[in-house]
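Asks: Need coordinates for the following:
(chains A and B)
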Amino acid sequence: MGHLLEVKDLEVKFALRMGDLTAINGVSFTLDRGERLGLVGESGAGKSVTGFAIINLISKPGYISGGTVIFDGRDLTGLTGEGMRHIRGNLISMIFQDPMMTLNPVLTIGTQMVETLQAHMNISRKAAEKIALEKLRMVQIPSPEKRLQQYPHEFSGGMRQRIVVAIALLADPALIIADEPTTALDVTIQAEIMELLLELCESEGTGLILITHDLAVVSQVTQKIAVMYAGKVVEAGLTEDIIDNPLHPYTQGLIKALPDGRNPGTRLNQIPGVMPSLIDIPPGCSFHPRCTIRGDICRYESPVLREIPGYRNMAACHMLGLKKEPTEKDRAE
Amino acid sequence: MKDRLIDIKNLVKHFDISGGLLEQLAVSKGRIIRKQTVVRAVNDVSLFVNPGETLSVVGESGCGKSTLARTLLGLYQPDGGEIYYRGDRIDGLTQKEMLPYRAKMQMIFQDPYASLNPRMTVQQTLEEPVVFHNPSISGSEVKDRVAGVMQQVGVDPAWTDRYPHEFSGGQRQRISIARALMVDPEFVVADEPVSALDVSVQAQILNLLMDAQEQRGLTYLFITHDLSVVRHISSRVAVMYLGRVCELAPTTNLFESPGHPYTRALLSAIPDLYDRRHKYIKLKGEVPTPIDLPSGCVFHGRCPYADGRCSREIPALNHQGKAVYVACHAVEEGRI
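Replies: Sure thing, here's the model as predicted:
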């Protein structure tokens, strides 16, 4: 059996008056059934665009200009309208950052859940309500019968996000794409929602793509991580490899920039400069102006994501795996 | 006490959100009554800030940390309590009497997009506070100061004629910091200064704040919800919950041996990069609304150690030795 999801050389462009802007440029990764992947990067890296592109939700002026998204053996990029509607919310669900924006404020939770179910299945309102109740219980909402009759504003932020998770689970999807699901929430609620998502994905065998800027959150939940920078995946591998032994200079810088409580008061490692905006992505490796180990080739040739000899991580960097290996750990091994 | 830079005693700030008279009228049991709704944002908070230190105030949304900071700076009038700056009482001063203190106390806001005037160039933004506080200062002196501060915060002084929209988020936050530094303050309140920034830029700004503190001997009151940042930069931490301080302790003590049950739960919820799948303390229920505060200890409804006394009696912030203060009956009685 093949992968649940195989994204290959995915490219999304935005057609603007000034010309086409490339938002993501050749993104590839795979996800197996029940596997959890973290898409990590800073704002503008293209992680959300990748998530949207998978379920063909890129709206104009954006368009998928290349690559394939093979889900369960079918290419989703070619599907339109009806075909895609069968996938979205049914086989693949999406969870967004702000639950207040996702839920319709003028409909009760029950109505919204029943509506979703009836859009995908030919079932009665009674039967749909039964499923809705079961899902609300799964996300540990107290007194679900009463809650079904309530409106989104009657819930707290954490409860609202639980409801969004329940709605995502309605049709027992094979894959959930969660785009910064806890960024708007407090840390204690974040811990609850993340644990809930993790437990549900494990018990239901659901695949998860967790899109976030927060490496610490990802490290708790996913088995794999893909780090994105300026529209490309610059490093990919198992979570423990990426966190404990990052190879790409950007990943290394990002992890070192996090205050981790081990050396309070000291200067934090800072990556000079900022991520380039889409209008002026530098030639060659897009990270080279900020990179500490750049060589001449980085200025004109864009690196591809490749295996680095001696490591399990894949990285897109010219300077890795050369004779002068930059990491000390390599020498120690 | 004289050696404290800031001393806050029993500070109270409530917001009346009941609106106009007509909105307050309600019918209850066949009679018309007047109903007032009050948000009790800050209740009986006592804190002090030592010169040269970084005191972080942490807590989740709605705990009153920003209100505390704004009341402290006189942006809100307190409803009770006292605020001292180097021993001088500064609450209840008139605008004019407050002026000299305002130059010494500056604020940095969270959103560098909203806190800079889009119609003012960087030069104008940075000049305004200096000229306002020193009307006699000469033009060339102002220019020199602007250039000096811009250099310090890492923004090219050649860009003084640009407008905020021409800068990235990180650069804008540097300009906000520059504006605060222009009047040579002693005390800077930073309200979530890095929350809107990406990790790599966040590190740049935190470094800048730490450098500025070292070079200018600044004292910071740092308001944030990001506990990793708190651990990195602060000397002491005050944890707030529902408008009250539940624990005040030196950073190492707080993170290594948190006393208050809420602090324990809060700290356990921080995801740790190197401790995957660690267990956190799950709190029951949700944060009550500050409109309708629980009786006794505000945390008792969610606390695993609460007993009868906790639901009746408000715990005082008690000294637990070594500069650690905890407001908890269970800790006081030695139950936990």
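Asks: nearest spatial neighbour of whatever residue of the stretch 101-250 of chain B ends up closest to chain A, skipping sequence neighbours?
Replies: The minimum distance from the stretch 101-250 of chain B to chain A, using CB to the nearest CB, falls at B:His232 (3.4 Å). Backbone N, C-alpha and C define where each C-beta goes, glycine included. For B:His232, ignoring the flanking residues on the chain, the nearest one in space by CB to CB, 6 or more residues apart in numbering or on different chains is A:Pro259 at 3.4 Å.
Asks: Show the backbone phi and psi for A:Ile177.
Replies: Main-chain torsions, A:Ile177, degrees, to the nearest 10: phi -110, psi 120.
Asks: Name whatever forms a beta bridge with it.
Replies: Beta bridges link A:Ile177 to A:Met94, A:Ile209, judged by DSSP bridges.
Asks: ok, it touching A:Leu91?
Replies: No - A:Ile177 is beyond contact range of A:Leu91, at 11.5 Å (criterion: CB atoms under 8 Å).
Asks: Same drill for the two, tell me which one is more crowded.
Replies: A:Ile177 (27 against 19; other CB atoms under 10 Å in any protein chain shown).
Asks: contacting residues around that one?
Replies: A:51, A:54-55, A:92-95, A:208-209, A:211 (CB atoms under 8 Å, 6 or more residues apart in numbering or on different chains).
Asks: tell me which element the residue of the stretch 101-250 of chain B closest to chain A falls in.
Replies: helix B:227-233 (DSSP states H and E).
Asks: And that helix, what does it pack against?
Replies: When contacts are defined as 3 or more CB pairs under 8 Å, 6 or more residues apart in numbering or on different chains; DSSP states H and E, helix B:227-233 sits against strand B:54-58, helix B:199-216, strand B:219-224, helix B:251-256.
Asks: Let me know the angle separating the helix or strand where B:Lys96 lies from strand B:219-224.
Replies: Here B:Lys96 sits within helix B:95-104, counting by DSSP H and E. Relative orientation of helix B:95-104 and strand B:219-224, computed by axes from the mean of the first three to the mean of the last three CA atoms, to 10 degrees: 90 degrees.
Asks: What are the buried residues along the one helix or strand B:Arg174 maps to?
Replies: Using DSSP H and E, B:Arg174 maps to helix B:169-181. For helix B:169-181, the buried set under the neighbour-count rule, 16 or more other CB atoms under 10 Å in any protein chain shown, comprises B:169-181.
Asks: which of those come close to chain A?
Replies: Filtering those for neighbours of chain A using CB under 8 Å from any CB of the partner chain leaves B:Gly170.
Asks: show me what contacts whichever residue of the stretch 201-333 of chain A sits closest to chain B?
Replies: Closest to chain B within the stretch 201-333 of chain A is A:Pro259: 3.4 Å, counting by CB to the nearest CB. Contact partners of A:Pro259, counting by CB under 8 Å, 6+ apart, are A:268, B:203, B:206, B:228-229, B:231-233.
Asks: Turn these into CSV, including distance to B:Gly308, pLDDT and neighbour count.
Replies: Below are the contacts of A:Pro259 laid out as CSV (distance: CB to CB, whole Å; pLDDT from 0 to 100; neighbours: other CB atoms under 10 Å in any protein chain shown):
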residue, distance to B:Gly308, pLDDT, neighbour count
A:Leu268, 47, 90, 22
B:Ala203, 48, 91, 26
B:Leu206, 45, 93, 21
B:Ser228, 37, 90, 18
B:Val229, 38, 92, 24
B:Arg231, 35, 93, 23
B:His232, 40, 93, 23
B:Ile233, 40, 93, 24
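Asks: Relative to the helix or strand where B:Val45 lies, what are the paired strands and their orientations?
Replies: Secondary structure from DSSP H and E places B:Val45 in strand B:38-49. The strands beside strand B:38-49 in its sheet (DSSP bridges) come out as strand B:6-16 (antiparallel).
Asks: tell me which parts of the stretch 201-336 of chain B are close to chain A?
Replies: So the stretch 201-336 of chain B meets chain A at B:201-204, B:206-207, B:210, B:225, B:227-229, B:231-233, B:251-252, B:255, B:265-266, B:268-274, B:276-278, B:280, B:282-283, B:286-287 (CB under 8 Å from any CB).
Asks: what about the closest residue to chain A within the stretch 1-150 of chain B, distance to B:Arg302?
Replies: As assessed by CB to the nearest CB, chain A sits closest to B:Glu60 within the stretch 1-150 of chain B, at 3.9 Å. Noted for B:Glu60: a distance of 12 Å to B:Arg302, by CB to CB, to the nearest Å.
Asks: Now do the shared contacts for these two.
Replies: Joint contacts of B:Glu60 and B:Arg302 (CB under 8 Å, 6+ apart) are B:Val287.
Asks: Which stretches in the stretch 201-333 of chain A count as strands?
Replies: A:207-212, A:224-229, A:232-238, A:306-307, A:314-315 (DSSP state E, counting those that start in this stretch).
Asks: For the residue nearest to the spatial centre of chain B, which residues are in contact?
Replies: The centre of chain B sits closest to B:Ile223, judged by CA atoms, centre = their mean, with a distance of 3.4 Å. Neighbouring residues of B:Ile223 by CB under 8 Å, 6+ apart: B:56-57, B:65-66, B:68-69, B:189-192.
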